[in-house]
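**Q** Test case, fold it:
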Amino acid sequence: MSQFPSFEVIPAVDVQDGEVVQLVGGERGTGKRYGDPVEAAERWIEAGAETLHLVDLDGAFEGERVNADAIEAVIESVPDEVGLQLGGGIRAAEGARDLLDLGLDRVILGTAAVETPEIVTEIDETHPGSVVVSLDAKDGEVVVSGWTEGTGLDPAEAAARYEELGAGAILFTNVDVEGQLEGIDRGAVESVVDAVDIPVIASGGVAAIDDVVDLKEAGATAVVVGTALYEGRFTLREAQAAADGA
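**A** Numbers count the residues shown, from 1 in each chain. Next up is the predicted model:
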């Protein structure tokens, strides 16, 4: 489950205060609410999702897992054949391993991977291929702590470094276009794809099916889509069919 056999469109289930929300540009307080996380997960699985992307948004900002109960309810409700990846507030190898043992397929590390890169290797040793390093880029540099702090790191260089440390995949989010339904930055994705041999999951800015196809053509292995799906810009099946045909 740690690799993607073919290009996948992955619905995002971002949780804040126990509810599904989608933020605009990563700004707290901009979120539109979309109800119960378990119901959202079940809806996406019925719509054909092969993988779900879970994010504890409060955890990303607070530095600890805040919506654990809501997230664990989703994990318990999802059939084994559906892949699950979770990010937000995972800061320690032990906590990540516990989540993987609970039924997650992949843990997504952002701030923790930047602050203590060796955590990637530690988790990979016991759960090979399960670590997705999240590189969130704003104005061309990697940002952490809920997109509030710059690091000075170049996303492509950082991706290559984490591949060496044992990352099973890279989640590349372009914060500049996140949640705004205005399209993607294909060049930024291509530069990260070119830097590594592991899968690159793209996220941020998808507004139309053409964006999904563009990301596949840019070399991404999968794309996480949130706002566009929740707002009904296109259906999951339509997006996956277009990507399969590209």
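
**Q** Low-confidence ranges, the chain, go.
**A** Residue ranges of the chain with pLDDT under 70: 1-2, 24-30, 63-64, 145-147, 176-181.

**Q** Now do the helices in the protein.
**A** Under the criterion DSSP state H, the chain contains helices at 37-46, 57-62, 68-77, 93-102, 111-115, 118-126, 155-165, 186-195, 209-217, 227-230, 236-245.

**Q** I'd like to know which of those is closest to residue 8.
**A** Closest to residue 8 of these, according to C-beta to C-beta: helix 236-245, at 7.5 Å. For the C-beta atoms, the positions are set from N, CA and C on the backbone; glycine is no exception.

**Q** I'd like the helices of the chain laid out as JSON lines, including distance to residue 11 and mean neighbour count.
**A** Putting these into JSON lines (distance: least, C-beta to C-beta, whole Å; neighbours: other C-beta atoms under 10 Å) gives the following:
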{"stretch": "helix 37-46", "distance to residue 11": "4", "mean neighbour count": "18"}
{"stretch": "helix 57-62", "distance to residue 11": "15", "mean neighbour count": "21"}
{"stretch": "helix 68-77", "distance to residue 11": "12", "mean neighbour count": "17"}
{"stretch": "helix 93-102", "distance to residue 11": "19", "mean neighbour count": "17"}
{"stretch": "helix 111-115", "distance to residue 11": "24", "mean neighbour count": "22"}
{"stretch": "helix 118-126", "distance to residue 11": "25", "mean neighbour count": "18"}
{"stretch": "helix 155-165", "distance to residue 11": "24", "mean neighbour count": "19"}
{"stretch": "helix 186-195", "distance to residue 11": "19", "mean neighbour count": "19"}
{"stretch": "helix 209-217", "distance to residue 11": "12", "mean neighbour count": "21"}
{"stretch": "helix 227-230", "distance to residue 11": "6", "mean neighbour count": "22"}
{"stretch": "helix 236-245", "distance to residue 11": "6", "mean neighbour count": "16"}
